[in-house]
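J.: any chance you could fold what I've pasted below:
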Amino acid sequence: MCLASAYAEKSKKLLMENTKTIEIEGDTVILTDLFGKVERIKGTIANIDLEENRVIIKVA
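T.: Predicted coordinates for the structure are as follows:
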């Protein structure tokens, strides 16, 4: 199984571990983890590193 950790670009703050889905709705990134917890973050995806299972989000 391939799950990712999502981090804020500038602060490097962990936004979510075990992220299973990422959706974009306008200027909002919607993260859902393995257990169904949902985080809605105003911003855009800055980088996705599949080898490191890391997603960087530029928070607005």
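
J.: now the strands for this protein?
T.: Under the criterion DSSP state E, strands of the chain are mapped to 4-8, 14-25, 28-33, 38-49, 54-59.

J.: can you put these in JSON lines and add mean pLDDT and mean neighbour count?
T.: Where you see a C-beta, it was placed from the backbone N, CA and C, and this is true even at glycine. JSON lines is the format used below for the strands of the chain (pLDDT from 0 to 100; neighbours: other Cβ atoms under 10 Å):
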{"stretch": "strand 4-8", "mean pLDDT": "97", "mean neighbour count": "19"}
{"stretch": "strand 14-25", "mean pLDDT": "97", "mean neighbour count": "14"}
{"stretch": "strand 28-33", "mean pLDDT": "98", "mean neighbour count": "17"}
{"stretch": "strand 38-49", "mean pLDDT": "97", "mean neighbour count": "13"}
{"stretch": "strand 54-59", "mean pLDDT": "98", "mean neighbour count": "18"}
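
J.: could you tell me the end-to-end distance of stretch 22-35?
T.: This stretch, stretch 22-35, spans 14 Å end to end (Cα to Cα, to the nearest Å).

J.: off-centre distance for it?
T.: 7 Å (Cα atoms, centre = their mean, to the nearest Å).
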